[in-house]
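Undergrad: I'd like to go over a predicted model; first the sequence, then the structure.
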There are 2 protein chains.
Amino acid sequence: MNRLKKYASSTDVARLAGVSQSAVSRTYKPGASVSEETRAKVLAAAQQLDYRPSMIPRIMLTHRSNLVAIVIGGMYNPFYSVVLEQFTIRLQAAGWQVLLLHVDSGHSFDAVIPRLASYRVDAIVSALAVLAPESAAELARFRIPTISFNTPVKNEWLSSVCCDNWGAARTAVDLFLARGARSFGYIAGPAGSPANEERLGGFRERLRELGHPDPIVIGGHFRYEGGYASALQMCRGPDRPDAIFCANDLVAIGAIDALRKELRLDVPGDVMIAGFDDIPAAGYAGYDLTTFVHDGKRMVDESLKILAAATASPPEPHEARIVVPAILIERGTTAPRP
Amino acid sequence: MNRLKKYASSTDVARLAGVSQSAVSRTYKPGASVSEETRAKVLAAAQQLDYRPSMIPRIMLTHRSNLVAIVIGGMYNPFYSVVLEQFTIRLQAAGWQVLLLHVDSGHSFDAVIPRLASYRVDAIVSALAVLAPESAAELARFRIPTISFNTPVKNEWLSSVCCDNWGAARTAVDLFLARGARSFGYIAGPAGSPANEERLGGFRERLRELGHPDPIVIGGHFRYEGGYASALQMCRGPDRPDAIFCANDLVAIGAIDALRKELRLDVPGDVMIAGFDDIPAAGYAGYDLTTFVHDGKRMVDESLKILAAATASPPEPHEARIVVPAILIERGTTAPRP
DNA sequence: TTGTAGGCGTTATCAC
DNA sequence: GTGATAACGCCTACAA
């Protein structure tokens, strides 16, 4: 066995300080009864040995690791990097440590579950575009409280915090109509993504409600390149729509660039565009994109409430499904035609 | 003590399977000698109890946690989100687990060191704009191998992997001159950032070498808004430069938007712009920004080599300071004037 | 206020 | 091939 001992132990400190190991332990426990004299001896010895108490034995004794796993599936979308950052900051402030895991797709989630379990994480946050129901079931077997970010699955151990995609998409219809649009397109994200399906669903529903024809639908990615290609395809012919709702901001920005640079169309003069997320680039003067605020901070907030309740002892019940509204931000890409 | 035992232990499995605890342990150790019969009994019992071997006692015995801490200081810059993602993917593939820490500034690094130490991380990756030398010294006290990403500090426990900012900045001068520019500006990042200082240093050095006047320098942030404001200030008057080198792409994009939208100037016709990093937005048709590839993948690669050597037993010596070249990508913002 | 002793869940070593 | 047994570093009764 590898006996490369790098850290001093409390026993080492105790020996050097001429006290018992428990005295060392008590020195580092807030509110324990240690005399000033003992404490001073311990701290001096600890300083000399660069001693730091280890969390590891504590995990064994308490069955709590203080570790929260964040499982993420791609950070090309700035929305998710912001969410990851927010989660990290907030969890750290609450005394948790973050174990970061990356998975390629919903299915490879299963592959990392054993790793999570072997580190005895106290909770899991899944920030994936797609969380497969089978993975959710597999998770439940380990009885680890889990929060699904943006995928509305749930079971006894799994809560979800989502954005009101459906409602926002309905609002997009009303906005486009108020601005004079009469024909519509939707540039879609990947099939199987609940966010994409809800956004399309709400958009189509509201159009039907008001007696308008269904939108043209093209797409399949949440990326800039996808929006670029789809917009070209959708607007090249004579029957191009007046207004396009995009699955997210990256797609919308791709669409804007394609329309302006390739087709020499004016946005919003020829075609109006709206996106979803309100990533930083949506606010850049070059795009000035109308979009819906995907309120990551608020969602992280709600997630932490659930997490705190679920990891309390005894666990308190808490809302298992939270839906946060998405606020419309009207910018230049849906400006009224002069 | 909180006796909320959530996971089955090897002892539980052994009891159910009717074998010894050691037999269970051996079943999960690759290449250990267990009969097929015993293995089957163990696996059946384990399945029934949802048993997963715990890493925690192993850490105590081996003094290795298999944990690598990544310390990050802000992910507003897409370059850093990509780097974080790359690190995570690569470390995971190599069998490590990632502990993610966020710090606000170079100084708050010190506050997280005890946390790292208490989890007995095997190595640390610091991906900060600024790593204070005092923090580096503090780190060394714990004898944890550390890699400093983009900050060229070093000591016995600290290696660095940086980008050739200086050389790239010199190349920017040559490019601008070849395209006909005769007066120059530099929109700066934050003071104290080595990357910013090297980029300015190389830019100024090469201009002097060739007998050109020093650039106008304005700035102070690595963000879009900073670039926007600085470009306005720099180009509003009559003595605006022909070409501006920006501390990074976010700043460059802000500058482009300010010049085009606020000052009605043409880029590159009136002012040429070059950035640094090659973030995705630099390639968007709306910006088409000339820039230098900040090769995150390659840098992660080099980091992992150092890490592997430093955590090997016995530790192998390895290059302590790596500099990766930054390749020029010429796009529209420095296109020759027609 | 202090020290002693037992145990947390593994791995490694040793007889059998 | 198998089962005891001793660590690992800490926390927590309990006794002094």
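TA: Happy to help now that I have it.

Undergrad: use CA for all of it now, contacts and neighbours both
TA: OK.

Undergrad: Could you look up the SS state of whichever residue of chain A sits closest to DNA strand C?
TA: Residue nearest to DNA strand C within chain A: A:Val34 (3.5 Å; C-alpha to the nearest atom of the strand). Using DSSP: H, G, I helix; E, B strand; the rest coil, the structure places A:Val34 in coil.

Undergrad: Check what pLDDT it gets.
TA: A:Val34 is assigned 90 on the pLDDT scale.

Undergrad: Do I have it right that it meets A:Thr27?
TA: Yes: A:Val34 is in contact with A:Thr27 according to C-alpha atoms under 8 Å; the separation is 6.4 Å.

Undergrad: Looking at these two, which is more packed in?
TA: Per other C-alpha atoms under 10 Å in any protein chain shown, whichever of A:Val34 and A:Thr27 has more neighbours is A:Thr27, with 19 against 16.

Undergrad: So for that one, what's the nearest residue that isn't a sequence neighbour?
TA: Excluding its sequence neighbours, the residue lying closest to A:Thr27 (C-alpha to C-alpha, 6 or more residues apart in numbering or on different chains) is A:Arg39, at 5.8 Å.

Undergrad: So what's the residue count around the one you found?
TA: Here the number of neighbours of A:Arg39 (other C-alpha under 10 Å) works out to 19.

Undergrad: what does the one 5 residues further on give?
TA: The tally of other residues near A:Ala44 (other C-alpha under 10 Å) stands at 15.

Undergrad: thinking A:Ala70 is in contact with A:Leu101, fair?
TA: If you look again at residue A:70, you'll see it is Ile, not Ala. Yes: the pair A:Ile70 / A:Leu101 is scored as a contact, 6.1 Å apart, by C-alpha under 8 Å.

Undergrad: List the contacts of the residue of chain A closest to DNA strand C.
TA: Listed by C-alpha atoms under 8 Å, 6 or more residues apart in numbering or on different chains, the contact partners of A:Val34 are A:23, A:26-27.

Undergrad: And for A:Val161?
TA: Going by C-alpha under 8 Å, 6+ apart, A:Val161 touches A:147-152, A:299, A:302-303, A:321-324.

Undergrad: same thing but 10 Å
TA: Neighbouring residues of A:Val161 by C-alpha atoms under 10 Å, 6 or more residues apart in numbering or on different chains: A:147-153, A:298-303, A:306, A:319-324.

Undergrad: And these, which of them are buried?
TA: A:147-153, A:298-303, A:306, A:320-322, A:324 (16 or more other C-alpha atoms under 10 Å in any protein chain shown).

Undergrad: Between the contacts of A:Val34, which sits nearest B:Arg264?
TA: Nearest to B:Arg264 among those, counting by C-alpha to C-alpha, is A:Thr27 at 66.7 Å.

Undergrad: show me the contacts for the closest one.
TA: Listed by C-alpha under 10 Å, 6+ apart, the contact set of A:Thr27 reads A:33-36, A:38-40, A:42-43.

Undergrad: can you rerun that using 8 Å?
TA: Here A:Thr27 is in contact with A:34, A:39, A:42 (criterion: C-alpha under 8 Å, 6+ apart).

Undergrad: and what of A:Glu138?
TA: Per C-alpha under 8 Å, 6+ apart, neighbours of A:Glu138: A:Asp110.
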